[in-house]
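1. need coordinates for the following:
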Amino acid sequence: MDIVAEVREVVAAIPAGSVVSYGDIAERIGTGPRQVGHAMRLIDEGVPWWRVVHADGTPATCHQGQAPRLLAEEGTPMRGTRVDMRRARHHGDARVPPSP
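-> Numbering: from 1, shown residues only. I've put the predicted structure just below:
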């Protein structure tokens, strides 16, 4: 499976109101956070891209800065302009098992 497909699977499995960092995804799929960021630019709009944030909780700035609004609409815990990572980080295995 290619990295874009792996990142897409992880992001698609993040529940509403939760987030993961680029580094969280990188750890789960065995790559680096910069590679995850590159893959995020290549995934389609059908996944909740706004649920992927920087390690300090800063939301993405792409898509005309819509991430904070989308996170708020889902009830994601915030601390000012950043996601409260302690409360919002999705710790479960967000990876979807590979298809047979």
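
2. His90 against Val11, yeah?
-> No - contact criterion CB atoms under 8 Å: His90 and Val11 do not qualify, at 10.5 Å. C-beta here means a position set from N, CA and C on the backbone, and glycine is covered the same way.

3. can you give me the distance of Leu71 to Gly37?
-> Taking CB to CB, to the nearest Å as the measure, Leu71 falls 18 Å from Gly37.

4. and the two? which has more neighbours close in?
-> Leu71 (25 against 16; other CB atoms under 10 Å).

5. any buried residues in the strand or helix carrying that one, and which?
-> Using DSSP states H and E, Leu71 sits within helix 67-73. Residues of helix 67-73 classed as buried: Ala67, Pro68, Leu70, Leu71 (neighbour count, 16 or more other CB atoms under 10 Å).

6. what does whichever helix or strand comes after it contact?
-> Using DSSP H and E, the helix or strand that follows helix 67-73 towards the C-terminus is strand 78-79. Strand 78-79 has contacts (CB atoms under 8 Å, 6 or more residues apart in numbering) with Gly57, Pro68, Leu71, Ala72, Asp84.

7. correct me, but the second one touches Thr81?
-> Yes - when contacts are counted by CB under 8 Å, Pro68 is listed as touching Thr81 (6.7 Å).

8. common neighbours of the two, please.
-> Contacts common to Pro68 and Thr81, judged by CB under 8 Å, 6+ apart, are Pro59.

9. distance from the helix or strand of the chain with the lowest mean pLDDT to the middle of the chain?
-> None of the helices or strands of the chain scores lower by mean pLDDT, DSSP states H and E than helix 62-65, at a mean of 90. Its chain's C-alpha centre and that of helix 62-65 lie 15 Å apart, by CA atoms, centre = their mean, to the nearest Å.
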